[in-house]
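A.B. asks: Would you be able to build a 3D model of this:
(2 chains)
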Number of protein chains: 2
Amino acid sequence: MDKKVRVGILGLGTVGSAIPFLLKEQQNKIEKMTKVSIEIEKVFVRNIASKKMIADKFNLNLTSDISDILENDDIQIVIEVMGGTELAKESIITALKNKKHVITANKDLMAQHGTELEKIAQENKCCLYYEAAVAGGIPILRTISNNYKVDKITSVYGIVNGTTNYMLTQMTKQNWTYNEALNEAQKLGFAESDPKNDVEGIDAAYKMVILTKFCFGMGLDMKQVSTQGITKVTLRDIQLANALGYQIKLLGSSKLTSKGIITEVSPLLVPNNHPLASVENEMNAVFINSVGMEETMYYGPGAGANPTATSILSDLLSVIELMDQTENILPFSSFYEGLTLANQAEIMSKYFLTFELENTEKMIEEIKMIIDMTCSNVVHFQTQITEGKKLEMIILIDKITSQQLKELIDNIRNKYKINNEVSYKLI
Amino acid sequence: MDKKVRVGILGLGTVGSAIPFLLKEQQNKIEKMTKVSIEIEKVFVRNIASKKMIADKFNLNLTSDISDILENDDIQIVIEVMGGTELAKESIITALKNKKHVITANKDLMAQHGTELEKIAQENKCCLYYEAAVAGGIPILRTISNNYKVDKITSVYGIVNGTTNYMLTQMTKQNWTYNEALNEAQKLGFAESDPKNDVEGIDAAYKMVILTKFCFGMGLDMKQVSTQGITKVTLRDIQLANALGYQIKLLGSSKLTSKGIITEVSPLLVPNNHPLASVENEMNAVFINSVGMEETMYYGPGAGANPTATSILSDLLSVIELMDQTENILPFSSFYEGLTLANQAEIMSKYFLTFELENTEKMIEEIKMIIDMTCSNVVHFQTQITEGKKLEMIILIDKITSQQLKELIDNIRNKYKINNEVSYKLI
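C.D. replies: As a prediction, the model looks like this:
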C-alpha cells in the first residue's frame, strides 16, 4: 500500500454498522484501485455495551468519549452518522477546526447549517462531503457537481422522501386510506412513531435546500421553501387523479423562472408516462431539466443501510483523493450564483381542481361560465355523480397563478355551496 | 483567468457544431468555476466551404489539413467527432503520440480498438476520455468510474440504442409493424438509410463492450457479445407480451454469474413495473444492480447534438483538471479484474415461449405433459384461439437454459406441427 488513511466514525446505528461491513467487502477492490488502505481507528458510541457484538464482528475499537476521535491526531477523516443536529454540529465544527476532513449523512444539519459549516471547512482547508444526505444511495450530488459544470439546469424535481412515496404508492395500489398507509409504513419501520418530518414534507424540504444549492448555486433558508406534506391527500384524490391518467407524488421541485428561483415541496399530479410516475414505494428519483443534457433522471434507493453507507464510502474516496492537495480544497459544490427568489403568487402553473355540490344539473353551465370568465385555459372539464349522489366537478386548468385559482374558488363559493374542494398542481 | 487551454476539434457535424455553441453559452459559468479559459484553436473539416456559415457564427478557424491540429504545439486537447474508424483511429494515435489529450464520442472505435488506444494513451501519459460514446447525454461512464469504486456491480442492463427503442415504442403504441416503425424512424432521421448497425443490435453491443469494461473491469471482443437485434420482433409478439404485462425492449446486459461474465444484446420481456419498461422512444437508460447501492438507474437522451456535446464538455473539464498532474494520469476506468466468460448455454433464464398449432383441443394436455416432463418451472401456461383460428400456446418458464429450451421445442415439434414459434428471455 502506498498510503494508509485513518478514519473515526461517530455513531454505530444502522448506517454506521454498514460502513465496516462494506469496507471489508470491497477492501481488495479499493486497495487495488486507489493504492490506499483505509483503517477504522475508533468508533464513538454512547453505550459501548450495547454495541459489543458488532464491534467484535468487525474488530472495532469503541469509545464513549467523543474527544478520543475529535482530538485524535492519528485520525484524518471523521464520518458523522449519529444524526440529530446539536452534538453532530458541535462535533463537526471541532473536527474541522482540528483539520480533520468530515463526511456526514446529516440532511437536517446540512440544510439548516450548511453555509456556516462549509465556511469553517474552507477556513480550515478541509473537505466537508455529504452525498448521503440526499436520496441515500443515488450519487446525485456528486453527479450534479461534476457533470453539470458545463450545463445550465433549468429545473429539478425529486421524489426525495421514501416514506411518503411508499405511503402514496400503497394508497394507489391497495386502495388504502392515508391512515392505513401510515400504520403500515410504521410497522415496516419506514416511518417514525412521530412521522411529522416525513409526512409534512420537512425532510423533503431539507433535501430541496441542498439540491437547490447544487443545481442553482443558491443558498436557501428552510422558511423560503414552500412546504406542504401529504397529510391531506385522500384516497379519493388519488383515484380521481388515476382516472385522468396521473399519479399523485410528493415532489420537491426547484425551478428557474424569469422571475427567479422557486422551490417547493408539495403533492403534485404526475402524468403516467412521466418517468417519475413509475418510481414506486421507498425508491427515490431526481429528474433534471437542463440546456445541454435536456432531461436526465437518477433513480435508486432513498435510504437503507448499504446504499447510504455506499454514498459515504464514495465521499471517503473523494476526500482521500483530494486530501493531499491541501492548498486547493474546493467545497463539495463550488457553484454560486446571485439569484433571487421568485414570488410564489406570481408563478403560473397547471392545476387540477375538484369539488362537490348538491346535484343540480343546471348549475353546471353557470359554474362553467364563471370558470371560463376567470381563466381562459381550461383544458379539461368533467362532471360526474359520486356514490353519495353529489355532483362532482373535475377541472384541469393550464397556466393560472395560485392567487387566480383562489379567486376562482372564492367566486364559485360566493354563489354555490361547495364541499370537498381540493386542488393540486401538475408537474 | 488562471489558465488558458487550447483545443482542436476534428469534425464539425451535428455534434461538432454543438460544442462551440454550448461552450459559448456556458463560458461564464465554466470560467468562474474552473478559472480556466477554453479556446477552440482550430477545427478540421473535409470541405471548408460547406462549413463556412457555422464557422462564421462562432468565429472558428477551419482547416482541411488535419496535421494543422495533430502537429500543432499550441493545442493541448483534441476532440474527435468525425465518426468512422479509420481516419479517427489514426488521428487519435497521432494526437496521443504528440502528447495531446484526446476526447472522443466514437463508440465503434472504442469498443473495437479501446484496449490498444488506452495503452497508447497511458504510454504517453495522456487522457483518453469517451463519456459520449455510451448513452449520449447520460453521465454514465464517469458515474460508474467514480461512484462504484466502493461497490460491487452484479449486473448492468441498458436501453442503449435510441433508434430501436423508438421503433419498439411506436410498434407498441401505434400498433405499427416493424417496417412501418423503421420507415418512420428513417423519416425522422433516427435511423440511417442502412439501419443494420441499429436494428441488428451491433450499436448496442459496442456500448455493452464499453459498459462491461467499466462495470466489471473486463475487456471483451465484439464477437464475445451474443448479439441479436429487433429485426424478427413482430407486432404480434409485442401484443402477446403486453397482454401478459410486459414490454419488449432491446436490452444490452452484462451479468456476473457464478460461472463468469455473460454479455448479450437481445430483445427481452421487461415487466411493466420495472423502471426500464417506461423508458420510451429515443431515450436511453442504464440500470445497475450492485451490493452497496442495490439498484440504481440513469436515464436520459441517448443521442442528439446538445446532450452528446455536453458529455464531451464534461470530459473536457475532467481532462483540464487532470492535465497538470502528468505523472499520474489514470485511464478513464482503472478497474481491471481477471474474470472469465460464462458459457451462454449453461445460464438459466426465465423464458417466454409461444407457438401455434392446428386447432385440436386434445393436444393441449399432451403438450402440457411434454413441457412438464422437460422442465419443472412453468409459471404460466395459456392457450387461446387466434384470429386465424389457430390454437396458440403462451408459456412462461422460469429457470431453463437455452439448450433445454431448444430441446423442449424439438420435443414438441417431433410430435406436432407447430408454427410461428417465438421465444424471448425475460429480464
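
A.B. asks: which residues does the closest residue in space to A:L341 that isn't next to it in sequence form a beta bridge with?
C.D. replies: Leaving aside its chain neighbours, A:L341 sits nearest to A:G260 (5.3 Å; criterion: CB to CB, 6 or more residues apart in numbering or on different chains). Where you see a C-beta, it was placed from the backbone N, CA and C, and this is true even at glycine. Residues found in beta-bridge contact with A:G260 (criterion: DSSP bridges) are A:T257.

A.B. asks: what's the distance between A:G260 and A:K406?
C.D. replies: When distances are taken as CB to CB, to the nearest Å, A:G260 and A:K406 turn out to be 21 Å apart.

A.B. asks: if we can go back for a sec, quick one: the residue nearest to A:L341 and A:A342 touch, right?
C.D. replies: Yes - between A:G260 and A:A342 there is a contact under CB atoms under 8 Å: 3.8 Å.

A.B. asks: ok, how many other residues are close to the residue nearest to A:L341?
C.D. replies: One way to gauge burial is a neighbour count; for A:G260, by other CB atoms under 10 Å in any protein chain shown, it gives 16.

A.B. asks: so what's it up against?
C.D. replies: Under the criterion of CB atoms under 8 Å, 6 or more residues apart in numbering or on different chains, the contact list for A:G260 reads A:339-343.

A.B. asks: For A:K89, give me its contacts.
C.D. replies: Contact partners of A:K89, counting by CB under 8 Å, 6+ apart, are A:109, A:113, A:117.

A.B. asks: ok, so of those residues, who is nearest chain B?
C.D. replies: Each of these was checked against chain B using CB to the nearest CB; the closest is A:L117, at 20.9 Å.

A.B. asks: could you measure the closest one against A:N98, distance?
C.D. replies: With distances taken as CB to CB, A:L117 is found 14 Å from A:N98.

A.B. asks: Which one of the two is surrounded by more residues?
C.D. replies: Ranked by neighbour count (other CB under 10 Å), A:L117 and A:N98 place A:L117 first, with 21 against 17.

A.B. asks: Excluding chain neighbours, what is closest to A:E361?
C.D. replies: A:L391 (7.4 Å).

A.B. asks: number of nearby residues for the one you found?
C.D. replies: Using other CB under 10 Å as the criterion, A:L391 is surrounded by 19 other residues.

A.B. asks: Provide the backbone phi and psi angles at it.
C.D. replies: Main-chain dihedrals, A:L391, degrees, to the nearest 10: phi -90, psi 120.

A.B. asks: so it touches A:I367, yeah?
C.D. replies: No - here A:L391 lies out of contact with A:I367, judged by CB under 8 Å, at a distance of 9.6 Å.

A.B. asks: Please identify every residue contacting each of these two.
C.D. replies: A:L357.

A.B. asks: Assign the one residue in the stretch 301-427 of chain A that gets nearest to chain B to helix, strand or coil.
C.D. replies: Among the residues of the stretch 301-427 of chain A, A:T310 lies nearest to chain B; the distance is 3.3 Å by CB to the nearest CB. The three-state assignment at A:T310 reads helix, by DSSP: H, G, I helix; E, B strand; the rest coil.
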